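Student: sequence below, structure please.
(chains A and B)
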Amino acid sequence: MTVVAEVQGLTKQFGKVHAVDDVSFTLTENRIYGLLGRNGAGKTTLMSLLTAQEFATRGTIRVFGENPVENAGVLARTAFIKESQRYPEDFRVKHVLSSAPWFFAGWDADFAAALVDDFRLPLDRRIKKLSRGQLSAVGVIVGLASRAPLTFFDEPYLGLDAVARQLFYDRLLTDYAEHPRTIVLSTHLIDEVSNLLEHVLVIDEGRILIDSDADTLRGAATTIAGTASAVDAFTRGREVLHRESIGGLASATVGALDAAGRRDASAAGLELAPVSLQQLIVRTTTSGEDLS
Amino acid sequence: MTTAALGRTTRVVRLHLANPRTTIVLPALILGAIFVLTYAIWWLVSTNLDPSDAADASNGTQYSGAPGWIFFYMLVVAVQAMNLTFPLALGYGSTRRDFYLGSALTFVLLSAGWAIALTVLSALETLTGGWGIGMHMFTTIYFGGGENETWQRLVIFFCLMLFFFFTGAVFATVFVRWKATGLVAAFIAIGALLVGVIALVTYTRSWDAVGAFFLQAQALGTALWLLVPTAIAGVTGYLVLRHATPRS
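Tutor: As a prediction, this is how the structure comes out:
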C-alpha cells in the first residue's frame, strides 16, 4: 500500500484553542476515508492543514512524500473546496467550471457537464445567489470532476435534498471504481455514507479517537438486550460503552464479542444486535472513551 | 522561470480574468457614461459662452477630475482579487507564491491595457481639439496637460494604474492575514509615518524645496517617482501573503 499522506504529532492552535491536538495517522493510496466528527471537532482544520491552506503549529505533514507547504508539485495533485468556500465577487457557476480545468490535470469536462445536469445547476447564476444546496453542488462537481489524486470533500451534502445526496454518493462510487484515488469525506451524516467508507477516522475536540478499517469497526461493538439482571451479569468484567434500562429491561453496548461470548449471551437469554457506525461513533464521542 | 512555473502563473492570470466584466467591461461602460455626461455639460457651457471667453473656459476644464475614479476603481479590483480570488486559487491547489506572481502579472497587464486605452483617447482628444468643443477629459493637468507628448501620457497612466493596483493589493493582503486589526494597525503606522515626514519637512523649513521638487518633476516625474512606493507595496504584499491563510 502506497502512503499518500502521513501526519505525525500534528497540532494546530488558534490562540488557546487546540483545533487539532497531537494527531498522527496515515492515508494510503486509492481508499475512501471518512473523517467523522461533530461540528467544530477539527475536521476542516485538519483538511486545511493537509492542503497547506493552514500552517501547522507543531508536528510534521508529508503529502506524496513531501511537505505540502508552498509545494506546487504536491498541491497540484490535491483538491479541497471548503464547505464555506469563497468565490470571486462576480463569479457565476460557468466561471467556476471554465477556470477549474486550468488547475487540475485530470479534469473531465464531460463528467462535469453531466454532473451539472444531474444536480440541475443553473450555469448563468451568480455564486452569491445560489441556494445552500446549489453551492454544495458546485463544490461536489469540482471535487469529482477534478479527479485529483487526493480529493477532499468538506461536508459536501449541506443543503442537498435526499435525492441529490444519493446522486452524489452514487456518482462518487461509480467514478471511484473507474478512476481510483484517495478521497477524504468529512461528514457527520454517518449512516448515510457508512457503506461508502473503507476507512474511518473519528475526530473529537481535535484528537483522533478512532482510526480503523470500516469493516473492522462495523463488528467492533454489539448491543445486548434482555432483563436487567441478565445484562448486568453478562457485562460484568466487560467494557460497556453505553447502557440503557426501562423497568426491568436493559440494553448495553459492549465491545466486539467472540464466538464464546455470543454463545454465553444467547444462553443467558440475551438478544444480540449489531451497532451501526453512527451509534458507535455517537457513543464514543459523547463518552470520550478511546475504543481503538 | 521554467515553463511549468510560467504555466502556474498564467493560469492565475486567467482565473482573475475569467469573468472580464468587473475588470474591463464595467469600467469601460462607466467611462463611456461619464464621457457622455461631461460632453453634454461642456457642450451646454461652450455653446452659451461669449466667444472671447472660450479659450479661458477651455483651460478651466484642464482641472476636471472626471477620469480619476477609474484609478480608485482598480484599487478596489485589487482588493477583491486578494480577498476573494485567493481562497479559490488555494482550493484549486495553487501555491501562495504562484497566486501572488499571477496576480501581480494580472495587475501589470491590466495597467498596460488601460494605459493604452486612455492614451489613445487622450490622443484623439488632442487631435479633435477637445472633441470639437475644447473639452479636457483625458488630457487634464494631472496627466500632464495637452502639451505633453503622447508617450509621456502613456507612462503617466501606466504608473498611476500600477500604483493603485499594488496599493489596493498590499492593504488587502494585510486584511487577509491579520483581519481588521491588522488593517487598523497598518493605517495607524502609515499615518504616524506621514505625520513624521510632515513634521520633518516643517521643522527643517523645507516646504519650498518640496514644492520646487514637484514643480520640477511635473506630472511625468511624479508618476515615475510613484514607482518607488509601488515597488515597496508589491514586495510587502508578497511577504504578507506568503504566510496568510484564507478565512471563511
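Student: ok, the one residue sitting closest to the centre of chain B to A:Val7 distance?
Tutor: The centre of chain B sits closest to B:Met161, judged by CA atoms, centre = their mean, with a distance of 2.8 Å. Look at B:Met161 and A:Val7: by CB to CB, to the nearest Å, they are 45 Å apart. Backbone N, C-alpha and C define where each C-beta goes, glycine included.
Student: hang on, the residue nearest to the centre of chain B packs against B:Leu110?
Tutor: Yes. Assessed by CB atoms under 8 Å, B:Met161 is found in contact with B:Leu110 at 7.2 Å.
Student: what residues are shared contacts of these two?
Tutor: Both B:Met161 and B:Leu110 are contacted by B:Met74, under the criterion CB atoms under 8 Å, 6 or more residues apart in numbering or on different chains.
Student: show the contacting residues for A:Leu115.
Tutor: Taking CB under 8 Å, 6+ apart as the test, what A:Leu115 contacts is A:Ala137, A:Val140, A:Ile141, A:Leu144, A:Ala145, A:Arg171.
Student: got those as CSV, with distance to chain B, secondary structure and pLDDT columns?
Tutor: Shown next, in CSV, are the contacts of A:Leu115 (distance: CB to the nearest CB, whole Å; DSSP: H, G, I helix; E, B strand; the rest coil; pLDDT from 0 to 100):
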residue, distance to chain B, secondary structure, pLDDT
A:Ala137, 15, helix, 97
A:Val140, 13, helix, 97
A:Ile141, 13, helix, 97
A:Leu144, 14, helix, 97
A:Ala145, 12, helix, 98
A:Arg171, 20, helix, 96
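Student: which of these count as buried?
Tutor: In terms of neighbour count (16 or more other CB atoms under 10 Å in any protein chain shown), the buried residues within those are A:Ala137, A:Val140, A:Ile141, A:Leu144, A:Ala145, A:Arg171.
Student: what's the spacing between the closest residue to the third one other than its chain neighbours and A:Val140?
Tutor: Leaving aside its chain neighbours, A:Ile141 sits nearest to A:Leu115 (4.6 Å; criterion: CB to CB, 6 or more residues apart in numbering or on different chains). Plainly put, A:Leu115 is 7 Å away from A:Val140 if you go by CB to CB.
Student: tally of neighbours for B:Phe213?
Tutor: By the measure other CB atoms under 10 Å in any protein chain shown, the count of residues near B:Phe213 is 13.
Student: how about the contacts made by it?
Tutor: Going by CB under 8 Å, 6+ apart, B:Phe213 touches no other residue.
Student: sec struct for it, please.
Tutor: Secondary structure state of B:Phe213, per DSSP: H, G, I helix; E, B strand; the rest coil, is helix.
Student: which helix or strand in the chain has the lowest average pLDDT?
Tutor: Went with chain A since none was named. Here the helix or strand of chain A ranked lowest by mean pLDDT, DSSP states H and E is helix A:277-287, holding a mean of 78.
Student: looking at chain B here, not the other one
Tutor: helix B:54-60 (a mean of 76).
Student: name the residues that touch it?
Tutor: Residues from elsewhere that reach helix B:54-60 (CB under 8 Å, 6+ apart): B:Val45, B:Ser46, B:Leu49, B:Gly130, B:Gly134, B:Met135, B:His136.
Student: nearest residue to the first one in space, please, no chain neighbours.
Tutor: Spatially, and ignoring its direct neighbours in sequence, B:Val45 is nearest to B:Ala57 (6.8 Å; CB to CB, 6+ apart).
Student: for A:Ala5, grab phi and psi.
Tutor: phi -140, psi 140 (degrees, to the nearest 10).
Student: same question but for A:Val240, I mixed them up
Tutor: According to degrees, to the nearest 10, A:Val240 has phi -110, psi 120.
Student: residue ranges for the helices of chain B, please.
Tutor: Here chain B has its helices, by DSSP state H, at B:3-16, B:26-47, B:54-60, B:69-80, B:86-91, B:96-127, B:150-203, B:207-225, B:227-241.
Student: surely A:Ile190 touches A:Arg283?
Tutor: No. Taking contacts as CB under 8 Å, A:Ile190 lies outside contact range of A:Arg283: 11.9 Å.
Student: those two - which one has more neighbours?
Tutor: The neighbour comparison of A:Ile190 against A:Arg283 (other CB under 10 Å) goes to A:Ile190, with 20 against 17.
Student: dump the residue contacts of the more buried one.
Tutor: Neighbouring residues of A:Ile190 by CB under 8 Å, 6+ apart: A:Gly34, A:Leu36, A:Ser276, A:Leu277, A:Gln278, A:Ile281.
Student: do you know how far it is from chain B?
Tutor: Going from A:Ile190 to chain B by CB to the nearest CB, to the nearest Å gives 24 Å.
Student: which of the buried ones among the contacts of A:Leu115 sits closest to A:Lys43?
Tutor: A:Val140 (16.6 Å; CB to CB).
Student: my guess is the closest one meets A:Leu121, correct?
Tutor: No. Contact criterion CB under 8 Å: A:Val140 and A:Leu121 do not qualify, at 9.9 Å.
Student: low-confidence stretches in the chain?
Tutor: Here I'm looking at chain A. For chain A, the stretches with pLDDT under 70 are A:287-292.
Student: not what I meant, chain B
Tutor: Within chain B, the segments meeting pLDDT under 70 span B:1, B:145-147, B:248.
Student: for chain A, what are the nearby residues on it?
Tutor: Residues of chain B lying near chain A by CB under 8 Å from any CB of the partner chain: B:4-5, B:8, B:11, B:14-15, B:18-19, B:21-22, B:80-81, B:84-85, B:87-98, B:242-243, B:245-246, B:248.
Student: can you say which of those residues are buried?
Tutor: Buried among these (16+ other CB under 10 Å): B:8, B:11, B:15, B:18-19, B:22, B:80-81, B:84-85, B:87-98, B:246.
Student: could I get stretch A:48-63 in PDB with only the CA atoms?
Tutor: C-alpha atoms of stretch A:48-63 as PDB (Å, rounded to 0.1, in the frame of the first residue of the first chain):
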ATOM      1  CA  SER A  48      -6.800  22.700   5.600                       C
ATOM      2  CA  LEU A  49      -3.500  21.600   7.100                       C
ATOM      3  CA  LEU A  50      -3.100  18.700   4.700                       C
ATOM      4  CA  THR A  51      -3.600  21.000   1.800                       C
ATOM      5  CA  ALA A  52      -1.400  23.700   3.300                       C
ATOM      6  CA  GLN A  53      -4.200  26.300   3.500                       C
ATOM      7  CA  GLU A  54      -3.300  26.400   7.200                       C
ATOM      8  CA  PHE A  55       0.100  26.300   8.800                       C
ATOM      9  CA  ALA A  56       0.800  23.700  11.500                       C
ATOM     10  CA  THR A  57       1.700  24.900  15.000                       C
ATOM     11  CA  ARG A  58       3.700  21.700  15.600                       C
ATOM     12  CA  GLY A  59       4.200  18.300  14.000                       C
ATOM     13  CA  THR A  60       5.000  17.100  10.600                       C
ATOM     14  CA  ILE A  61       2.900  16.600   7.500                       C
ATOM     15  CA  ARG A  62       4.000  14.600   4.400                       C
ATOM     16  CA  VAL A  63       1.800  14.500   1.400                       C
END
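Student: tell me how far that stretch lies from the chain's centre.
Tutor: Centroid displacement of stretch A:48-63 relative to its chain, using CA atoms, centre = their mean, to the nearest Å, is 18 Å.
Student: is chain B contacted by it?
Tutor: Yes. With CB under 8 Å from any CB as the measure, stretch A:48-63 is seen reaching chain B through A:Ser48, A:Thr51, A:Ala52, A:Gln53, A:Glu54, A:Phe55.
Student: not counting sequence-adjacent ones, nearest residue to B:Gln80?
Tutor: Once flanking residues are discounted, B:Gln80 sits nearest to A:Glu89: 5.3 Å by CB to CB, 6+ apart.
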